[in-house]
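Colleague: Sequence and predicted structure, then a few things I'm wondering about:
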Amino acid sequence: RVPKAGSSEADYEDAIAIGPTAVAIADGATESSFACAWAQALTEGFACEPLSRKPDLNERMDRITPLQEKWHAGIAWDRLPWFAEDKARNGAFAALLTLRFAQPLPPPETEAAPAERRWHAPASGDTCRFPCRDDQLHREVPTARSWAFDSAPRRLSSTPPV
């Protein structure tokens, strides 16, 4: 956990959560309001109950909708100045990467882990994963080229579409 250069720990807008069979990491978007709370809601929601191996849009929305409601309920709307309320109504945004294992994760105090584990790691936004095997990069997801990302990656929103 390291805040951006020049920022304090209070400005940290990312989150990580570890569940029984999944790990979730979210990168909260700096330009949105309450991005840290949204990143935390996403990671907790997706690490504790990971998606199926090949989730469809309905499964994703079924998971995101209660997280959006949780984020919205966690904001003290009545105590926000008008300009902060206006910005918060636009929602928070975050990129999300989940790593789901077929078997439960071993307890932290266990040193031995299975040599081969089946896993699935869907990502949204500008997140990347770099799986390595035998000290070699196995495959870059979604891309190894920085120019493939633009300045407005698709991120998950705390506000449902209207």
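Modeller: Yep, that arrived.
Colleague: How far away from the center of its chain is stretch 71-89?
Modeller: Chain-centre distance of stretch 71-89: 22 Å, with CA atoms, centre = their mean, to the nearest Å.
Colleague: Show me the contact partners of that stretch.
Modeller: 32-34, 37-38, 41, 92, 158-159 (CB atoms under 8 Å, 6 or more residues apart in numbering). For glycine as for every other residue, the C-beta is placed from the backbone atoms N, C-alpha and C.
Colleague: Neighbour-wise, which one of these leads?
Modeller: Of all the contacts of stretch 71-89, Trp38 has the most neighbours under the rule other CB atoms under 10 Å, reaching 32 neighbours.
Colleague: just checking, it touches Leu96?
Modeller: No - Trp38 lies out of contact with Leu96 (CB atoms under 8 Å); the separation is 9.9 Å.
Colleague: Touching both of the two, which residues are there?
Modeller: Common neighbours of Trp38 and Leu96 (CB under 8 Å, 6+ apart) are 26, 156.
Colleague: so where's this structure shaky on pLDDT?
Modeller: Counting by pLDDT under 70, the chain has low-confidence residues at 1-3, 50-57, 103-117, 138-154, 162.
Colleague: Please enumerate the helices of it.
Modeller: Per DSSP state H, the chain carries helices over the ranges 35-48, 57-73, 82-89.
Colleague: Let's have these in a markdown table, adding distance to Ile16.
Modeller: Converted to a markdown table, these look like this (distance: least, CB to CB, whole Å):
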| stretch | distance to Ile16 |
| --- | --- |
| helix 35-48 | 6 |
| helix 57-73 | 16 |
| helix 82-89 | 24 |
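Colleague: Asp134 is nearest to which of these?
Modeller: Of all the helices of the chain, helix 35-48 sits nearest to Asp134, with 27.8 Å by CB to CB.
Colleague: so what does the closest one touch, helix or strand wise?
Modeller: Helices and strands touching helix 35-48, by 3 or more CB pairs under 8 Å, 6 or more residues apart in numbering; DSSP states H and E, are strand 14-18, strand 22-28, helix 57-73, strand 93-101.
Colleague: Dump these to CSV, plus distance to Cys132 and mean neighbour count.
Modeller: Formatted as CSV, these follow (distance: least, CB to CB, whole Å; neighbours: other CB atoms under 10 Å):
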stretch, distance to Cys132, mean neighbour count
strand 14-18, 20, 19
strand 22-28, 16, 24
helix 57-73, 28, 14
strand 93-101, 14, 23
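Colleague: okay, these in TSV with distance to Gly45 next?
Modeller: Below are the helices and strands packed on helix 35-48 laid out as TSV (distance: least, CB to CB, whole Å):
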stretch	distance to Gly45
strand 14-18	8
strand 22-28	8
helix 57-73	5
strand 93-101	10
